[in-house]
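Peer 1: Any chance you could fold what I've pasted below:
(2 chains)
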Amino acid sequence: MRANRFRGLGPHLVLLVGVAISVFPFYWMIVMATNTTSDIYRYPPKLTIGGELATNLSHVFEKIHFFAAMGNTIVVAVSTTVLVLFFDSLAAFTFAKFDFPGKRILFALLIGIFMLPAQLSLIPQFITMVKLGWAGQLQALIVPAAANAFGIFWMRQYITGAVPDDLLDAARLDGCGFFRQYWHVALPTIRPGLAFLGIYTFIAAWNDYVWPLIVLVNPDQLTLQVALSQLNRSYNQDYSMIMAAALLAVAPLVIMFVLVARNFIADAVKGAVRG
Amino acid sequence: MAVLRPARPVPTPSMQTGAAGPGRATGFRRVRSHWPQYLAISPFYLLFSVFGLFPALFSLYLAFHRWDGLGEMQFVGLKNFQYLLGDGTFWLALRNTFIIWFLSTVPMLFVALAIAAMLNSTVRFTAFYRIAYFIPNITSLVAMAIFFGAVFSTNFGLVNVVLQAVHLPAVHWLTNPLGMKIVVATVTTWQWTGYNTIIYLAGLQAIPSEVYEAAKVDGAGPIQTFVRITIPLLRPIILFTVVVSTITGMQTFTEPQVLFGNNGTLTANTGGAGHGALTMVLYFYHQAFDNHDFGYGAAIAWAVFLVVMVFAAINWRLVQRRET
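Peer 2: Numbering: from 1, shown residues only, chains lettered A, B, ... in the order given. You can find the predicted model right below:
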């Protein structure tokens, strides 16, 4: 009896070490953000959570427009997500449930686009934004990201299985046109898929760095990631202040993720294993 | 909307040939009758043309020119590419990128496979483990690069404190060429090991248990079963993870850009001390957006593209052959 109960313990110990490695940076980030730099950077360092978070944060708010940057990030992430959900699901619905001339070529093109690395187009894209007068503006981040190949590809897989053809046929007999079939039949049935794609898009937009770094040329109009990196560049030695900013930039997303993680991970794996 | 003609259902062979009338007119009418479908997929193709295809083609054009973004564009033929071949800094960046990729991908994939196998054999707490392992993957790379920079800092960074506690000499992680690469690789490994674990776990769970039972009957031990049965059956998934980490690893940018952009000055980031962490994409960024040498930058971007394609293809072949 006794031996049986402990038999499974070995793997769990190893797995818990893995969990500790995954989670430890968050703990240490909190320790750094809640103490003074001189308490952490000494020997031996303080290893527990302290009470200096408010002071460290107030230094952050003196140095950068933190909440403006967070506001910008939220605007970009929310509008990108809404646009992607609409455009990707509409295109995916079309590819999954309808036939039209040129469909195969257009879909093959979509998969080819997947493979195109981003840095190939960065320079001309930047020049385009300058010409449009969008350099430094948030729409330079939102508009190019409003529809993407990954989302259409993933959604098409999802819709193929999730939306029954019978339901569409019935709607057609009732006189529903294409767009009404999308809006009244497809959209309500694909909510779980939309949830996954929405979270995925939101996370990607929140963490995006390279393109915002290039195109946000106005130092007063930054996203969180760019502001954080600039804070680090300018005040590199004040670790506690920088960690306080990093913590505040990371925490909302991690909390949101933990709440929705169960279904999200299952869907993310499906996409990868199939693709 | 109500007057819309009902759209046609999913593929029927007869639609390919056209139902009636002379081919041409029918073809056109068929295209026209599907206008809602074309309208529905058009936003992606429009955006892609303007912000994806046109820029990619234009950067190919740029690669044959000298241009600072303001003045006249000057055609220089293959000069940018000739210069690239003789540019020691580019070759250094290529070497660095490969070393960092190797330092992160090899431990990452082996550890991920081992953890996935262990996860697959346990029944309890799996939901908790999955979430804990996946969290690093959704965390901001900028924040984590800053964090690991602080942890690896020479004076009283946590890593050197631990070394000191066990009476080992401190390492100048952020200025030593190998140390710098190890720091970058650590950020990548931390962020992606859990992701690959979850992917491998999904692959393991898809292997039917009868296969294992048959192996047991034949007297195979656990290690033999893993090497002879599990790994071959997992091959497509391993292939996927190797290709994905090749493509992302060859384009490493954010980690060195954040880690080594702060030597007390605001000068351009060329991969820290002695270009120790200069990657190909960081070098591209430096030439294009610090030096405004758009022509040369475009040439580097295309070279990176070529390297990624060739190396991904090589890895694809290697993984496929090793396990057949």
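
Peer 1: in chain A, what spans have low per-residue confidence?
Peer 2: Within chain A, the stretches with pLDDT under 70 are A:1-8, A:271-275.

Peer 1: quick one, strands of it?
Peer 2: Remark: strands of chain A are absent; assignment by DSSP state E.

Peer 1: Would you map out the domains in it?
Peer 2: Here the domain assignment for chain A is A:1-63+A:234-254, A:65-224, based on automatic domain parsing.

Peer 1: starting at the chain centroid, how far to the longest helix belonging to chain A?
Peer 2: Criterion DSSP state H: the longest helix present in chain A is helix A:239-274. Offset of helix A:239-274 from its chain centre (C-alpha atoms, centre = their mean, to the nearest Å): 8 Å.

Peer 1: and that helix with chain B, contact?
Peer 2: Yes - using C-beta under 8 Å from any C-beta of the partner chain, we find that helix A:239-274 touches chain B at A:239, A:242-243, A:246, A:249-250, A:253-254, A:257-258, A:261-262, A:265, A:268-270, A:272-273. No exception for glycine: its C-beta is placed from N, CA and C like everyone else's.

Peer 1: Just send the domains of chain A back as a markdown table, with mean neighbour count too.
Peer 2: Listed next are these as a markdown table, based on neighbours: other C-beta atoms under 10 Å in any protein chain shown:
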| stretch | mean neighbour count |
| --- | --- |
| domain A:1-63+A:234-254 | 17 |
| domain A:65-224 | 19 |
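
Peer 1: Adding distance to residue B:226 as columns, could you present those in CSV?
Peer 2: Below are those laid out as CSV (distance: least, C-beta to C-beta, whole Å):
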stretch, distance to residue B:226
domain A:1-63+A:234-254, 14
domain A:65-224, 31
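
Peer 1: Low-confidence stretches in chain B?
Peer 2: For chain B, the ranges with pLDDT under 70 are B:1-26, B:262-267, B:321-324.

Peer 1: What's the separation between the residue nearest in space to the middle of it and chain A?
Peer 2: For chain B, the residue nearest the mean C-alpha position is residue B:248 (1.5 Å; C-alpha atoms, centre = their mean). Distance, residue B:248 to chain A, by C-beta to the nearest C-beta, to the nearest Å: 10 Å.

Peer 1: Now that residue: which helix or strand?
Peer 2: Assigned by DSSP states H and E, residue B:248 belongs to helix B:235-250.

Peer 1: Taking helix A:239-274 as reference, get the angle to that helix.
Peer 2: 140 degrees (axes from the mean of the first three to the mean of the last three C-alpha atoms, to 10 degrees).

Peer 1: Contacts for helix B:235-250 next, please.
Peer 2: Applying C-beta atoms under 8 Å, 6 or more residues apart in numbering or on different chains, the external contacts of helix B:235-250 come out as A:117, A:272-273, A:275, B:97, B:100-101, B:104-105, B:108-109, B:112-113, B:188, B:192, B:196, B:199-200, B:202-203, B:231, B:280, B:304, B:307-308, B:311-312, B:315-316, B:319-320, B:323-324.

Peer 1: Format the CA atom coordinates belonging to it as CSV.
Peer 2: Extracted in CSV, the C-alpha atoms of helix B:235-250 (Å, rounded to 0.1, in the frame of the first residue of the first chain):
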residue,chain,number,x,y,z
ARG,B,235,9.0,12.1,-36.0
PRO,B,236,6.5,14.5,-37.7
ILE,B,237,6.2,16.5,-34.5
ILE,B,238,9.9,16.5,-33.9
LEU,B,239,10.3,17.7,-37.5
PHE,B,240,7.8,20.5,-36.8
THR,B,241,9.6,21.7,-33.7
VAL,B,242,13.0,21.6,-35.3
VAL,B,243,11.9,23.6,-38.3
VAL,B,244,10.1,26.1,-36.2
SER,B,245,13.1,26.6,-33.9
THR,B,246,15.4,26.9,-36.9
ILE,B,247,13.2,29.6,-38.5
THR,B,248,12.8,31.6,-35.3
GLY,B,249,16.4,31.0,-34.1
MET,B,250,18.0,32.2,-37.3
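
Peer 1: Distance from the chain centre to it, please.
Peer 2: 8 Å.

Peer 1: Ok, stretch A:133-145 next?
Peer 2: The answer for stretch A:133-145 is 18 Å, by C-alpha atoms, centre = their mean.

Peer 1: again with stretch B:114-134
Peer 2: That offset, for stretch B:114-134, works out to 24 Å (C-alpha atoms, centre = their mean).

Peer 1: In that stretch, which residues are buried?
Peer 2: Within stretch B:114-134, the residues that count as buried by 16 or more other C-beta atoms under 10 Å in any protein chain shown are B:115-120, B:129-134.

Peer 1: which other residues reach it?
Peer 2: Counting by C-beta under 8 Å, 6+ apart, residues outside stretch B:114-134 touching it are A:8, A:11-12, A:14-15, A:18-19, A:22-23, A:258, A:261-262, A:265, A:268, B:193-195, B:197-198, B:200-201, B:203-205, B:226, B:230.

Peer 1: go with 6 Å
Peer 2: A:11, A:15, A:18-19, A:22, A:261, A:265, B:194, B:197-198, B:200-201, B:204 (C-beta atoms under 6 Å, 6 or more residues apart in numbering or on different chains).

Peer 1: Also stretch A:244-254?
Peer 2: A:29, A:33, A:56-57, A:60, A:206, A:224, A:228, A:231, B:139-140, B:143, B:146.

Peer 1: tell me the two of the residues you listed that are most distant?
Peer 2: Greatest spatial distance among the contacts of stretch A:244-254 (C-beta to C-beta): A:56 and A:206, at 22.2 Å.

Peer 1: What parts of the stretch 151-275 of chain A come near chain B?
Peer 2: Residues of the stretch 151-275 of chain A lying close to chain B (C-beta under 6 Å from any C-beta of the partner chain) are A:172, A:177-180, A:203, A:207, A:209, A:225, A:228-229, A:232-233, A:236, A:239, A:246, A:249-250, A:257, A:261, A:265, A:269, A:272-273.

Peer 1: and if you look at the stretch 1-150 of chain A?
Peer 2: So far as C-beta under 6 Å from any C-beta goes, the stretch 1-150 of chain A lies against chain B at A:11, A:15, A:18-19, A:22, A:25, A:29, A:41-42, A:45, A:87, A:90-91, A:94, A:98-101, A:117, A:119-121, A:123-125, A:144, A:146-147.

Peer 1: which non-adjacent residue is nearest the residue nearest the centre of chain A?
Peer 2: Central residue of chain A (C-alpha atoms, centre = their mean): residue A:203, 1.4 Å from the mean position. Distances taken as C-beta to C-beta, 6 or more residues apart in numbering or on different chains place residue B:138 nearest to residue A:203, at 5.1 Å, with adjacent residues excluded.

Peer 1: from what I can see the one you found touches residue A:256, true?
Peer 2: No - counting by C-beta atoms under 6 Å, residue B:138 sits too far from residue A:256 to count as a contact (9.1 Å).
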